[in-house]
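K.L.:
here you go, sequence then predicted model.
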Amino acid sequence: MKAVIQRVNKGSCTVEDKVTGKIATGLVILLGITQNDTEAEVKKLSEKILNLRIFANEDKHFEQSLLETKGEALVISQFTLYAETKKGRRPDFNKAAKPEVAKPLYEKFIEELRNQGVKTQEGVFGAMMNIELVNSGPVTIIIDTNSL
């Protein structure tokens, strides 16, 4: 499982001109799920993201987590995080999980954040989405559960 997390001042997701999720200060999380991922990866990744100290304190140091700042989260399914580009010019997405595997894990990830009290919005799984955000910092971090 991979996530690209971006610390934001605000973020939103729109599908067919309808806002499906909108947050204030917090994280936009692009979530990629591979064929071998399970609920164990969901747990590891959600705990890491919830407790990662990437929000500044008064001294402008990374000292606070999403939980400590009571920030919000916008979670977007992103199978393209598993693009293979070694051969040719067209990305290969064979490592990305099929929807019947990925969607329940995506939903479980969102549930884990909500269970910890984080106001969590989401995109529409499998839809063509427009994501808008104001990256704060900028702070963008990539996390792969294979490295945890």
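P.N.:
In hand now; what should we look at?
K.L.:
any idea which element residue 109 lies in?
P.N.:
Applying DSSP states H and E as the criterion places residue 109 in helix 99-115.
K.L.:
and that helix, what does it pack onto?
P.N.:
Packing partners of helix 99-115 (3 or more Cβ pairs under 8 Å, 6 or more residues apart in numbering; DSSP states H and E): helix 39-51, strand 72-77, strand 120-122. Quick note: C-beta positions are derived from backbone N, CA and C, even for glycine.
K.L.:
to residue 28, which of those lies closest?
P.N.:
strand 72-77 (4.8 Å; Cβ to Cβ).
K.L.:
in TSV, list the helices and strands packed on helix 99-115 along with mean neighbour count and distance to residue 86.
P.N.:
What follows is those, written out as TSV (neighbours: other Cβ atoms under 10 Å; distance: least, Cβ to Cβ, whole Å):
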stretch	mean neighbour count	distance to residue 86
helix 39-51	18	24
strand 72-77	25	24
strand 120-122	21	32
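K.L.:
residue 8: which of those is closest?
P.N.:
strand 72-77 (7.9 Å).
K.L.:
what's across from the spatially most central residue of the chain in the sheet?
P.N.:
The centre of the chain sits closest to residue 29, judged by Cα atoms, centre = their mean, with a distance of 2.0 Å. Under the criterion DSSP bridges, residue 29 forms beta bridges with residue 5, residue 75.
K.L.:
test my guess that it contacts residue 76.
P.N.:
Yes - at 7.0 Å, residue 29 and residue 76 qualify as touching, with contact defined as Cβ atoms under 8 Å.
K.L.:
what is the neighbour count of the nearest residue to residue 129 once chain neighbours are set aside?
P.N.:
Ranked by Cβ to Cβ, 6 or more residues apart in numbering and with sequence neighbours excluded, the top spatial neighbour of residue 129 is residue 123, at 4.9 Å. A count of neighbours around residue 123, defined by other Cβ atoms under 10 Å, yields 24.
K.L.:
kind regards, and thank you for your time.
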